[in-house]
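J.: Predicted model and sequence below, questions to follow.
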Amino acid sequence: MANPYPHRPHHGAPWDDQEKGLLYLRFELDDSLDELADAHGRTRCAIADQLEDQGLVVKLDSPEAAGMLFRVIRNTDGEIETLRRYASVRNPASLD
């Protein structure tokens with residue numbers, strides 16, 4: 001099956017530990033969702049899902065926060081201290 005996102009060459013490929021580590025580092029340097037997608041050759045949706053899998057962002061289940069990603073700020077005990085708006089993914093059709 002052909003890649004539906006030719007400008008995203010890693011679309012659908014599994015994430016290896018090295019790529020996950022690089023994503024974490026670039027996220028910590030405040031790269032935007034678009035910058036991360038470009039750097040990894042993946043869709044914005046794939047980046048958002050991986051960030052959520054790593055516990056770095058959350059999607060809230062409320063109408064007011066629909067389509068929003070929030071950066072998780074943890075305290076020294078590793079507990080969630082606060083959430084900060086990170087990115088909007090409101091239009092699913094534009095997640096590439």
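T.: Everything's here; your move. Numbers count the residues shown, from 1 in each chain.
J.: Tabulate the CA atom coordinates of the lengthiest strand in the chain in PDB.
T.: Taking DSSP state E as the criterion, the chain has its longest strand at strand 80-88. C-alpha atoms of strand 80-88 as PDB (Å, rounded to 0.1, in the frame of the first residue of the first chain):
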ATOM      1  CA  ILE A  80       1.300  16.200  37.600                       C
ATOM      2  CA  GLU A  81       1.700  19.700  38.900                       C
ATOM      3  CA  THR A  82       0.000  21.700  36.100                       C
ATOM      4  CA  LEU A  83      -1.000  21.600  32.500                       C
ATOM      5  CA  ARG A  84       0.100  24.200  29.900                       C
ATOM      6  CA  ARG A  85      -1.500  24.500  26.500                       C
ATOM      7  CA  TYR A  86       0.900  23.100  23.900                       C
ATOM      8  CA  ALA A  87      -0.900  22.800  20.500                       C
ATOM      9  CA  SER A  88      -4.200  22.700  18.800                       C
END
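J.: So which bits of it are buried?
T.: Leu83, Tyr86, Ala87 (16 or more other Cβ atoms under 10 Å). Any C-beta I mention is one placed from the backbone N, CA and C, and that applies to glycine too.
J.: next SSE after the longest helix anywhere in the chain?
T.: The longest helix of the chain (DSSP state H) is helix 17-28. Next in sequence after helix 17-28, counting helices and strands by DSSP states H and E, comes helix 33-40.
J.: can you pull the pLDDT of Val57?
T.: Val57 is assigned a predicted lDDT (pLDDT) of 90.
J.: shouldn't it be in contact with Leu51?
T.: Yes: with contacts counted by Cβ atoms under 8 Å, Val57 reaches Leu51, the gap being 4.5 Å.
J.: what touches both of these two?
T.: Common neighbours of Val57 and Leu51, using Cβ atoms under 8 Å, 6 or more residues apart in numbering, are Leu69.
J.: just how off-centre is the longest helix of the chain within its chain?
T.: Centroid separation for helix 17-28 versus its chain: 11 Å, with Cα atoms, centre = their mean, to the nearest Å.
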